[in-house]
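**Q** Sequence and predicted model, in that order:
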Amino acid sequence: MRILVTGANGQLGREMRIVSRDSRDSYIFTDVDELDITDVEAVRRFMDENKVDVVVNCAAYTNVEKAEEEEALAELINAKAVENIANACHDNGATLIHISTDYVFGGNEGNTPRNEEEPANPTGAYGRTKLHGEDAVANSKCKSIIIRTAWLYSEYGTNFVKTMRRLTAEKDTVKVVFDQVGTPTYALDLARAIFLIIEERKFSGNEGLYHYSNEGVISWYDFAKEICEQYGNKCNIMPCLSSEFPSKVKRPSYSVLDKSKIKNTFDITIPYWKESLINCIKNTL
């Protein structure tokens, strides 16, 4: 099979490069320089010429704050470009594995893990545009698997783990919110799950919406404390309320995803968040 990975220079895309090295399949990695997914004709032409069987769409506009000012651009990348890919997949009989986000939920809606049946209610531009992307996939009627994830981090790009590593090394004191709770996701773990689904051909007949993050529940404050400790930094990390950091976006206060469906459907074992953090740090050093 031929698998196209878009957004291949991002966190998840770079981990997909790693996990697919020994695959029996042929992987094609593109980012905006190789394929502009906002160009519908370019997408169709690329899919046709390369006879793509599966697309893993890792491309996204992910700047949550800036999306409030650039919603049109976020909509173009997170929704219109997804529509382009989904329609091309439908026309070519290919399967789309699309990555979405916990930000399709919003506000303070309960304190139990969110499953795939719960209604989405985004409170910001980023979440809205990602939900529109999910809708575009559904409306295309292509064969698809949508995977929502949360708190993604890796050795690459800009993310909370790398930011906390730097801040706790540079500063004596750092404030981190404790009233936002969720589960971090090591991008390598998610990439391995996607790779397993493709490699074992489990995508066929199991189309639908799924949730994936690492196991466990933690606040941003507790996560920062663990990052600081694992890197051996000496910093006083102080808990604070989200209200102390005024934001244009109301972030989900409880963002724990129920992973039962993806574990049961694909027979996936998901690592605990602390184990994955340690593995990421080992891969960084």
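**A** The structure has been received and is ready for your questions. Numbering: from 1, shown residues only.

**Q** make it CA atoms for all contacts and neighbour counts henceforth
**A** Noted.

**Q** So N84 sits against D36, correct?
**A** No - using C-alpha atoms under 8 Å, N84 is not in contact with D36; the gap is 10.4 Å.

**Q** between those two, what contacts are shared?
**A** Counting by C-alpha atoms under 8 Å, 6 or more residues apart in numbering, the contacts common to N84 and D36 are V43.

**Q** Strands of the stretch 151-285 of the chain, start to end?
**A** Secondary structure of the stretch 151-285 of the chain (DSSP state E, counting those that start in this stretch): strands at 152-153, 173-177, 181-182, 185-186, 208-211, 218-219, 236-240, 254-255.

**Q** Report the helix or strand with the lowest average pLDDT across the protein.
**A** strand 254-255 (a mean of 90; mean pLDDT, DSSP states H and E).

**Q** Note down every partner strand of that strand and its orientation.
**A** Counting by DSSP bridges, the strands paired with strand 254-255 are strand 181-182 (parallel).

**Q** hmm, who's touching the strand it pairs with?
**A** So strand 181-182 is in contact with A150, W151, V217, I218, S219, W220, S253, Y254, S255, V256, L257, going by C-alpha under 8 Å, 6+ apart.

**Q** before we move on, back to that, ok, N84 and D36, which is more surrounded?
**A** More neighbours surround N84 than the other of N84 and D36, with 21 against 17 (other C-alpha atoms under 10 Å).

**Q** residues contacting the more buried one?
**A** I37, T38, D39, V40, V43, R44.

**Q** change it to 6 Å
**A** By C-alpha atoms under 6 Å, 6 or more residues apart in numbering, the contact set of N84 is V40.

**Q** Give the helix, strand or coil label for it.
**A** At N84, secondary structure determined by DSSP: H, G, I helix; E, B strand; the rest coil is helix.

**Q** Start the count at 880 instead of 1 going forward.
**A** Will do, 880 is the new start, and the previous item becomes N963.

**Q** Please report how far it lies from I1025.
**A** 16 Å (C-alpha to C-alpha, to the nearest Å).

**Q** Also K1138?
**A** K1138 is 13 Å from I1025, by C-alpha to C-alpha.

**Q** Could you export the strands of the stretch 1030-1164 of the chain as TSV, including mean neighbour count?
**A** Listed next are those as TSV, based on neighbours: other C-alpha atoms under 10 Å:
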stretch	mean neighbour count
strand 1031-1032	20
strand 1052-1056	18
strand 1060-1061	22
strand 1064-1065	25
strand 1087-1090	20
strand 1097-1098	20
strand 1115-1119	16
strand 1133-1134	28
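
**Q** CSV please, covering those strands and showing distance to G889.
**A** Below are those laid out as CSV (distance: least, C-alpha to C-alpha, whole Å):
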stretch, distance to G889
strand 1031-1032, 11
strand 1052-1056, 25
strand 1060-1061, 22
strand 1064-1065, 13
strand 1087-1090, 20
strand 1097-1098, 25
strand 1115-1119, 29
strand 1133-1134, 22
